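Engineer: give me coordinates for this.
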Amino acid sequence: MPGDRHQAFVALGANLEDPVAQVRAAGAALAGLPESRLLCLSSLYRTAPVGIHGQPDFINAVAALATDLDPAALLDALFSIERRFGRRREFHHAPRTLDLDLLLHDERVVDSPHLRLPHPRMHLRAFVLTPLLEIAPLCRIPGRGSAAAWLPAVSLQRVEKLPSQSR
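Structural biologist: Below is the predicted model of the structure:
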């Protein structure tokens with residue numbers, strides 16, 4: 001696509017209604033975003049839920065996009081995909097059919113009531129860092145440095161790469 005000006009990274013996660021299929025279908029939905037191109041989708045990873053225990057494990061991945069959309073427009077498009085997948089925001093850390101988080105948009109730093117970039121907890125989550133570093137090993141988090149430098153801090157969080165046929 002001729003006008004690709006921005007690189008964005010999006011975290012994908014699901015733990016309801018066949019989460020492997022949900023994350024795979026969400027990857028396809030990201031490929032259909034307007035004014036955007038899906039550059040890469042990481043492997044799928046099985047991870048323990050964060051916050052509320054006693055819910056099913058999550059399936060997570062990270063996608064790299066080339067996009068002409070500004071961060072707010074991209075976030076709106078991600079929310080639209082979540083709604084199509086039946087996402088409800090009943091309570092914080094609730095089980096979900098799909099969660100799409102905008103992690104990075106170039107080197108932008110945004111702090112508004114509706115959007116924070118980089119994602120404020122991405123460096124504390126193995127389920128984000130592991131797939132992110134798989135597709136962007138040299139990735140840097142604005143204000144925090146190398147994403148890889150944060151891996152030791154999350155090394156006790158369970159992240160299991162699914163076999164490639166599960167992707």
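Engineer: assumed residue 25 was part of a helix.
Structural biologist: Yes - judged by DSSP: H, G, I helix; E, B strand; the rest coil, residue 25 forms part of a helix.
Engineer: my guess is it contacts residue 86. True?
Structural biologist: No - assessed by C-beta atoms under 8 Å, residue 25 is found out of contact with residue 86, at 11.5 Å. Placement of C-beta: from N, CA and C, glycine included.
Engineer: the two - which one has more neighbours?
Structural biologist: residue 25 (17 against 12; other C-beta atoms under 10 Å).
Engineer: distance of the more buried one relative to residue 161?
Structural biologist: Separation of residue 25 from residue 161 (C-beta to C-beta, to the nearest Å): 20 Å.
Engineer: equivalent analysis for residue 65, please.
Structural biologist: 22 Å.
Engineer: neighbour count winner among these two?
Structural biologist: Applying other C-beta under 10 Å to residue 65 and residue 161 shows that residue 65 carries more neighbours, namely 23 against 15.
Engineer: can you pull the contacts of the more buried one?
Structural biologist: By C-beta atoms under 8 Å, 6 or more residues apart in numbering, residue 65 lies in contact with 7-10, 30, 33, 36-39, 74.
Engineer: and these, which are buried?
Structural biologist: Taking 16 or more other C-beta atoms under 10 Å as the criterion, what is buried in the contacts of residue 65 is 7-10, 30, 33, 36, 38-39, 74.
Engineer: quick check: residue 142 touching residue 110?
Structural biologist: No - using C-beta under 8 Å, residue 142 makes no contact with residue 110, being 9.9 Å away.
Engineer: what touches both of those two?
Structural biologist: Common neighbours of residue 142 and residue 110 (C-beta under 8 Å, 6+ apart) are residue 117.
Engineer: and the helices in the chain?
Structural biologist: For the chain, helices defined by DSSP state H occupy the ranges 19-31, 71-84, 126-135.
Engineer: and residue 155, which of those is closest to it?
Structural biologist: helix 126-135 (7.4 Å; C-beta to C-beta).
Engineer: buried stuff in that closest one?
Structural biologist: Across helix 126-135, burial judged by 16+ other C-beta under 10 Å covers 126-133, 135.
Engineer: most widely separated two among those?
Structural biologist: 126 and 135 (15.3 Å).
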